[in-house]
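*Asks:* Please work out how this folds:
(one chain, ligands or ions: 1)
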Amino acid sequence: DLPRDWWKRAVVYQVYPRSFADSDGDGVGDLRGLIGRLGHLQRLGVDVLWLGPVYRSPQDDNGYDIADYQDVDPLFGTLEDLDELVARAHEHGIRLLMDLVVNHTSDEHAWFVDSRSSRGSDRRDWYWWRPPREGCVGGEPGAEPNNWGSFFSGSAWEWDEATGEYYLHLFSRKQPDLNWTNPAVREAVYAMMRWWLDRGVDGFRMDVINLIDKPEGLPDGEQQLGDLWGQMFPLVATNPGVHDHLQEMYEQVFADHPRAFLTVGEMPGVTAEQAARFTDPDRREVDMVFQFEHVDLGSGPGGKFDRVPMGMPHLRENLMHWQVELADVGWNSLYWDNHDQPRAVSRFGDDDPVWRERSAKTLATVLHTLRGTPYVYQGEELGMTNVPFSSPADFRDIESLNYIREQTEAGVPFEDLLPGLRAVSRDNARTPVHWSAAPHAGFTTGEPWIPVAPNHAEINAEAQVGVEGSVFEHYRALVDLRHEEPAVSHGSVTPLAMDHAQLWAFEREHEGTRLLTLAAFGREPVAVPPEILAGWEGAEAALPTSARAAVSVADDRVLPGWEAVVLRR
Ligand code: TEU
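*Replies:* Predicted coordinates for the structure are as follows:
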């Protein structure tokens, strides 16, 4: 009954379980807490809930290190709680996406325990085991099989004394990479996916799925003088075998299933051209990609914590390029932030109290009137901000902690690391959701695993839900607009005024209905160029960030600072 591409009209809400809602007072969010808050999602009107990993896990990378794919970690509840979540979400008209993390497992997964037990283990070849470099003594600096650095600092290889070989881990040493060239690995993963579909879930967000095909021979990466490690990323990202594996997965898992699913391929480094191939419906790989170009723009040569200035035109250029590139074939996810990125309003908007709400609504207006499937990351719909971290003890995330350790050991003072950490540490988006002005923001009755952000008394759900003009109500209106207006979900896109320094403008069109989005990026009012408004005299203001903005555009062709309008004719 659902159209195959039902997700083109959908909005996804991302829940990071440990920070969403805690029902039992242990300071960590859980499934019963989430079940109790489903009304919030229904109120917002979202169609899909992407649930971050809740599987059994030692939590080295907050659940992205999975020890048992077919059980729930007691930290979050039980399998029965998950079944109930699926059923209750469905009652609310919300489909559930599980996080599928199969580039790697935990080192505590039974597969890896078996694999590391001896060189002769039946599962030895399920992971990437290699001897020390020729002529080197295993475990000594420089003896690693190649020069790859991991995403989370240090070598991508871990020495295993007992069996005298190294294993590969692109992420932490507790996240060994699975060997996808082994058909037994692939079959085990597909069987696990079928098991979840049979349990009633509606699809998967596939973690770093474009990294599963490793390059032949695992060659050294490029390494400049002074670099601690060689460049692993260009060698492991989007190798040709990824397409083969995804097509096989489609055949083995989805092709014969009677229900409508959604598959999202999270793919760091993927280009728009590559994305069009991955999401061409005729190729039967994934429904949409989740790409990184626009969030990687501010990274300098020293990596993500090395920040370089990035203005709106650069950001706009990039996102509009994706709009044009995927105009005919392919589909993209639209997002400003998630659990790996800083908060949208702090990064791309203006989190000064005077401008925060306006800029949050302006950002949302642009994202939610573009072509693609928008994602709302928990708390974004309230305009939650980054956190003023000040000491190493403020951090919980393994990426930030490893970076602090590696750099301070190399002699860099912590004060010099702080600006980068404040700007992009993943912990910015991982503090608990602000439900109310109560202690710990109503997230828990206990001590939260990471402190609640200090501004929760001003920014919280209780103060916004049902309150006209709030950030939440603006998001709700944008979700409604996507559901009701085919020009938003299916229309063509025409970028406008691409040389303007503050105005982000584009037109959507579908079967004669036209929409015009105008957004002012910055505190200064923007005079809208007359040629853009030609023909729009008297058009309906379908969705302004404020009544004032609508009047100002209609009467004076001026968009006030950090405001936006959507016109319809
Ligand atoms: O992240 C994908 C990824 O590429 C990360 O390197 C991301 O770019 C990084 O966090 C930015 O600093 C996914 C998950 O979303 C992330 O939470 C996991 O840590 C990672 O995979 C490993 O599973």
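*Asks:* Taking the stretch 351-500 of the chain, what residue is nearest to the ligand?
*Replies:* Glu399 (5.4 Å; Cβ to the nearest ligand atom). Quick note: C-beta positions are derived from backbone N, CA and C, even for glycine.
*Asks:* That residue against Arg426, yeah?
*Replies:* Yes - the pair Glu399 / Arg426 is scored as a contact, 5.9 Å apart, by Cβ atoms under 8 Å.
*Asks:* The residue lying farthest from the centre of the chain: what's it in contact with?
*Replies:* In the chain, counting by Cα atoms, centre = their mean, Gly135 sits farthest out from the average C-alpha position, at 42.4 Å. Going by Cβ atoms under 8 Å, 6 or more residues apart in numbering, Gly135 touches no other residue.
*Asks:* and it, that's in a strand?
*Replies:* No - counting by DSSP: H, G, I helix; E, B strand; the rest coil, Gly135 is located in no strand; its state is coil.
*Asks:* follow-up on the earlier one: next one: the residue of the stretch 351-500 of the chain closest to the ligand from Gly27, what distance?
*Replies:* Counting by Cβ to Cβ, to the nearest Å, the gap from Glu399 to Gly27 is 21 Å.
*Asks:* Comparing these two, which residue is more hemmed in?
*Replies:* Set side by side, Glu399 and Gly27 give different neighbour counts by other Cβ atoms under 10 Å, the larger being at Glu399 (22 against 17).
*Asks:* What residues does the stretch 151-300 of the chain have near the ligand?
*Replies:* Taking Cβ under 6 Å from any ligand atom as the contact definition, the stretch 151-300 of the chain meets the ligand at Phe151, Phe171, Asp207, Val208, Pro268.
*Asks:* Of those residues, which is the most crowded?
*Replies:* These, ranked by neighbours (other Cβ under 10 Å): first place Phe171, 24 neighbours.
*Asks:* which stretch of helix or strand covers Asp337?
*Replies:* Asp337 is part of no helix or strand, with elements assigned from DSSP states H and E.
*Asks:* Kindly report the residues of the chain close to the ligand.
*Replies:* Counting by Cβ under 6 Å from any ligand atom, the chain sits next to the ligand at 61, 64, 101, 151, 171, 207-208, 268, 304, 339-340, 399, 426.
*Asks:* I figured Ala237 hits Gly269, correct?
*Replies:* Yes - in this structure, Ala237 is within contact of Gly269 by Cβ under 8 Å, at 4.0 Å.
*Asks:* In TSV: the residues of the stretch 151-300 of the chain next to the ligand, plus pLDDT and secondary structure.
*Replies:* Shown next, in TSV, are those (pLDDT from 0 to 100; DSSP: H, G, I helix; E, B strand; the rest coil):
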residue	pLDDT	secondary structure
Phe151	97	coil
Phe171	98	coil
Asp207	98	coil
Val208	98	coil
Pro268	98	coil
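*Asks:* Of the residues you listed, which is the nearest to Asp256?
*Replies:* Nearest to Asp256 out of these is Asp207 (Cβ to Cβ; 24.6 Å).
*Asks:* and that closest one, what does it touch?
*Replies:* Tyr64, Asp99, Leu100, Val101, Val102, Asn103, Glu266.
*Asks:* Among those residues, which one has the most neighbours?
*Replies:* Neighbour max across the contacts of Asp207 (other Cβ under 10 Å) = Val101, 27 neighbours.
*Asks:* Just list the residues touching it, thanks.
*Replies:* Per Cβ under 8 Å, 6+ apart, neighbours of Val101: Pro53, Tyr64, Ile66, Asp207.
*Asks:* hmm, try it at 10 Å
*Replies:* 52-53, 55, 57, 61, 63-66, 69, 171, 175, 204-209, 266 (Cβ atoms under 10 Å, 6 or more residues apart in numbering).
*Asks:* go on, Asn62?
*Replies:* 16-19, 28, 52-53, 339, 396-398, 426, 430, 449.
*Asks:* which of the residues in stretch 465-479 are buried?
*Replies:* Neighbour-count burial for stretch 465-479, counted by 16 or more other Cβ atoms under 10 Å, picks out Val465, Ser470, Val471, Phe472, Glu473, His474, Tyr475, Arg476, Ala477, Leu478, Val479.
*Asks:* Would you agree the first one is in contact with Gly39?
*Replies:* Yes - the pair Val465 and Gly39 passes the contact test of Cβ atoms under 10 Å, sitting 9.5 Å apart.
*Asks:* Report pLDDT for the nearest residue to Asn239 once chain neighbours are set aside.
*Replies:* Nearest non-adjacent residue to Asn239, counting by Cβ to Cβ, 6 or more residues apart in numbering: Asp213, 4.0 Å away. Looking at Asp213, its pLDDT is 98.
*Asks:* show me the contacts for Leu49.
*Replies:* 12-15, 34, 38, 41, 85-86, 89, 92, 94-97, 202.
*Asks:* err, Arg557, not the other one
*Replies:* Listed by Cβ under 10 Å, 6+ apart, the contact partners of Arg557 are Leu518, Val526, Ala527, Val528, Pro529, Pro530, Ile532, Leu533, Trp536.
*Asks:* filter these to the buried ones?
*Replies:* The buried subset of those - by 16+ other Cβ under 10 Å - is Leu518, Val526, Val528, Ile532, Leu533, Trp536.
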